[in-house]
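> Need a 3D model of the sequence below.
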Amino acid sequence: QVQLVESGGGLVQAGGSLSLSCVASGFTFRNYAMGWFRQAPGKEREFVAAINWSGGSTSYADSVKGRFTISRNNAKNTVVLQMNSLKSEDTAVYYCAAGRSGWYPPTTESSFDYWGQGTQVTVSS
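Have a look, this model is predicted:
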């Protein structure tokens, strides 16, 4: 069955870095765009970053642009979110997601078919 398993979350001080990984199985990874979303306590889930099937096109939320980088390795069925210069407002549960798209990766929840269980990121100020 389809599985998306996130790892790499944890507690970090403001200004620090974390790298989240998501390993996919149960579907043809190289055919899917991959995305990261997050949900802070009391807030709706929001888009963070996405990458198309080939890795040739990426998209970022304005709030993370210049600080976060999304990448993928189709040989290892893995997508990574490198998070630098973390801020307290980055504290949230981060979710990995997979969806079909053309060249440009989707940025809305409804465009993604598969979701991981989430990993907690806590940034202390």
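> Please count neighbours and contacts with C-alpha atoms only from this point.
OK.
> If the most centrally placed residue in the chain is in a bridge, with which residues?
Centroid-nearest residue in the chain, with Cα atoms, centre = their mean: residue 36, separated by 2.2 Å. Beta-bridge partners recorded for residue 36 (DSSP bridges): residue 49, residue 96.
> mind listing what it touches?
47-50, 81, 94-97 (Cα atoms under 8 Å, 6 or more residues apart in numbering).
> Repeat that for residue 99.
32-34, 106, 111-114.
> Roughly how far does the residue nearest to the centre of the chain sit from residue 122?
Residue 36 is 16 Å from residue 122, where distance means Cα to Cα, to the nearest Å.
> What of residue 53?
29 Å.
> cool, and residue 8?
11 Å.
> more crowded one of these two?
Between residue 8 and residue 122, counted using other Cα atoms under 10 Å, the more crowded position is residue 122 (21 against 14).
> Settle this for me: that one is touching residue 16, isn't it.
No - with contacts counted by Cα atoms under 8 Å, residue 122 stays clear of residue 16, the gap being 11.0 Å.
> Run through the strands of this protein in chain order.
In the chain, the strands defined using DSSP state E lie at 3-7, 10-13, 18-25, 33-39, 46-51, 58-60, 68-73, 78-83, 92-99, 114-115, 119-124.
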